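>>> Sequence first, predicted model second:
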Amino acid sequence: MFLSLTIICVVAGFLAAALNKVTEKPIKISRKAKLENAVKEVVPAFDNSPSDEAYYGVVGEDSLKIYPAKKGGNLVGVAVESRSMKGFGGKISLIVGFDPQGKIINYVVLNHAETPGLGSKMDSWFKTDKNKQSIIGKELSKGNLKVSKDGGDVDAITASTITSRAFLDAVNRAYTAYSGKNTDGVSGASATDATTGATQQTK
């Protein structure tokens, strides 16, 4: 029995390693394609390869990847891959596009675990030209983005203030990485807020 189990484990390990090797390259290609599509959505048309010219910007002790978009050798915008761990469901990842002057062009949410129908609305909420929802065109050189409850001028997602704070935190971090400037802090949720129930979203 011991010999049989050993053989089974060895064979299973070999198959898993072989499968990983076979799928590793297609997965990398798929991730690169997804990222390049996201970059195209958040910056103007370009003729270079932003992923090949990518570099890192520092945010505190962290670093974020920056993709420069160029046309005819001139910079037309940058896409910054950012994240925040302050979401209601944990980590929120997005890519934010800025023009050379630092104004927000667009954004794409890459990954999140926020509540469906509530926090998940960030995919489009902050692009909607209604009341004070949209962040498109905002210039962060004048200060970090904040929700209205924190004295800012951005309307939080209804019943999802924690998600909104985390989203703006990721956007602010993206600008800091790109500009190299540290602006004022953002009120955010603590790590425990993500586990205290849906009612905490509005506090």
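Right, received. Where do you want to start?

>>> Skip ahead from the helix or strand hosting K32 and say which helix or strand is next.
K32 belongs to helix 2-42 when assigned by DSSP states H and E. Where DSSP H and E defines the elements, the next helix or strand beyond helix 2-42 is strand 55-59.

>>> Just the pLDDT at I8, thanks.
In this model, I8 is scored at 78, pLDDT.

>>> The one 10 residues further on now?
In this model, A18 is scored at 64, pLDDT.

>>> same check, this time on T23
67.

>>> Which other helices and strands does the helix holding K32 contact?
strand 74-87, strand 90-98, strand 104-111 (3 or more Cβ pairs under 8 Å, 6 or more residues apart in numbering; DSSP states H and E). (Each C-beta comes from the backbone N, C-alpha and C, glycine too.)

>>> mind redoing it with 7 Å?
strand 90-98, strand 104-111 (3 or more Cβ pairs under 7 Å, 6 or more residues apart in numbering; DSSP states H and E).

>>> got the angle for the shortest one vs strand 90-98?
Using axes from the mean of the first three to the mean of the last three Cα atoms, to 10 degrees, one finds that strand 104-111 and strand 90-98 are set 150 degrees apart in direction.

>>> Output the below-cut-off pLDDT ranges for the protein.
15-24, 28, 182-203 (pLDDT under 70).

>>> Tell me the spacing between the residue nearest the centre of the chain and N48.
Residue closest to the mean C-alpha point of the chain, counted by Cα atoms, centre = their mean, is L94 at 1.8 Å. L94 sits 22 Å away from N48, going by Cβ to Cβ, to the nearest Å.

>>> And for C9?
49 Å.

>>> Neighbour count for the two, which is higher?
It is N48, of C9 and N48, that has more neighbours when counted by other Cβ atoms under 10 Å, with 16 against 10.

>>> Does that one touch K70 like I think?
Yes - contact criterion Cβ atoms under 7 Å: N48 and K70 qualify, at 4.3 Å.

>>> Near G72, how many other residues are there?
The burial count for G72: 8, using other Cβ under 10 Å.

>>> if I pick it, what's in contact with it?
The contact partners of G72, by Cβ atoms under 7 Å, 6 or more residues apart in numbering, come to D47.

>>> quick one: it from P44, how far?
Plainly put, G72 is 12 Å away from P44 if you go by Cβ to Cβ.

>>> do the same with H112
H112 is 26 Å from P44, by Cβ to Cβ.

>>> These two: which is more packed in?
H112 (24 against 13).

>>> Let me see the contact set for the closest residue in space to that one that isn't next to it in sequence.
Of all residues not flanking H112 in the chain, I92 sits nearest, at 4.6 Å (Cβ to Cβ, 6 or more residues apart in numbering). Contacts for I92 (Cβ under 7 Å, 6+ apart) come out as 83-84, 112, 166-167, 170.

>>> Could you do S124 as well?
Contacts of S124 (Cβ under 7 Å, 6+ apart): none.

>>> Give the buried residues for the helix or strand where it lies.
For S124, the element it lies in under DSSP H and E is helix 122-125. By neighbour count on 16 or more other Cβ atoms under 10 Å, the buried set for helix 122-125 is 122, 125.
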